[in-house]
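Novice: Model the following, please.
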Amino acid sequence: MNRAVRLIAGGAIVGSVLTATGFILIQEQARLLKETPEANDHLFKYGIPENSISVHTYKGHSLAYDNAKRTPVWVAELLTKDMLQYNKTANRHQSHFKVDPNVLVEYRASNTDYLGSGWSRGHMAAAANHSQDQQEMNETFYLSNVVPQVLNNNIGYWSRLELYCRELAGRYKEVRLLTGPLFVPQSTNGHKGDSSYVHYESR
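Specialist: Numbering: from 1, shown residues only. As a prediction, this is how the structure comes out:
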């Protein structure tokens with residue numbers, strides 16, 4: 001997982017590469033639609049098709065959810081020193097991975113999607129970032145906040161990145177996080193055109 005870290009005045013932004021891609025695409029789509037020539041208005045007599053991304057807000061984080069892939073596009077958090085140092089009342093053992101009731105039933109990710117898949121359930125908004133409130137921590141276990149990760153990455157590099165973000169919150173006034181998945185193209189290994197592709201598992 002590639003990572004990008006940019007320090008800015010008064011705080012820091014930490015995130016994985018391309019985490020805000022979905023938001024950028026939504027903005028660009030809206031801009032292009034506004035510029036649609038009036039001569040084509042008849043094409044949208046019954047409305048403009050919506051994309052498959054829905055935005056959801058929770059007690060400690062917000063996210064854009066890709067209904068087609070059943071994973072988040074990006075997840076946004078705000079960390080402060082007080083949040084991480086005081087009132088750590090939440091108990092991780094009382095939190096469990098579960099479907100997100102805020103997502104339409106037909107688009108919800110479930111634990112059976114991961115059972116026997118070889119993939120680990122990787123938090124985007126880390127549970128430890130929200131230890132001051134049980135409900136807030138519980139909501140990080142919604143599968144809308146989870147992406148498939150290689151286990152060694154989840155408990156290794158990704159875990160250390162989460163810890164680093166919390167360390168930054170102790171040094172700056174606030175830390176704003178944007179995290180999300182990165183789908184890396186694979187080579188066709190000498191097939192015609194030697195093109196690259198991203199493989200999605202069918203359901």
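Novice: For the rest of this, base every contact and every neighbour count on C-alpha atoms.
Specialist: Fine.
Novice: and the residue lying closest to residue 143 once chain neighbours are set aside, how far is that from residue 70?
Specialist: Distance criterion Cα to Cα, 6 or more residues apart in numbering; nearest residue to residue 143, sequence neighbours excluded, is residue 99 at 5.5 Å. Residue 99 sits at a distance of 11 Å from residue 70 (criterion: Cα to Cα, to the nearest Å).
Novice: still on that earlier bit, thinking the residue nearest to residue 143 is in contact with residue 112, fair?
Specialist: No. In this structure, residue 99 is not within contact of residue 112 by Cα atoms under 8 Å, at 10.3 Å.
Novice: So for the two, which sits in the more crowded spot?
Specialist: residue 99 (17 against 8; other Cα atoms under 10 Å).
Novice: Now do the shared contacts for residue 99 and residue 70.
Specialist: By the contact definition Cα atoms under 8 Å, 6 or more residues apart in numbering, residue 99 and residue 70 are jointly contacted by 108, 109, 144.
Novice: Would you convert those into a markdown table that also reports pLDDT?
Specialist: Below are the shared contacts of residue 99 and residue 70 laid out as a markdown table (pLDDT from 0 to 100):
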| residue | pLDDT |
| --- | --- |
| 108 | 96 |
| 109 | 96 |
| 144 | 98 |
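Novice: Just among these, which is most surrounded?
Specialist: Going by other Cα under 10 Å, residue 144 tops the shared contacts of residue 99 and residue 70 with 32 neighbours.
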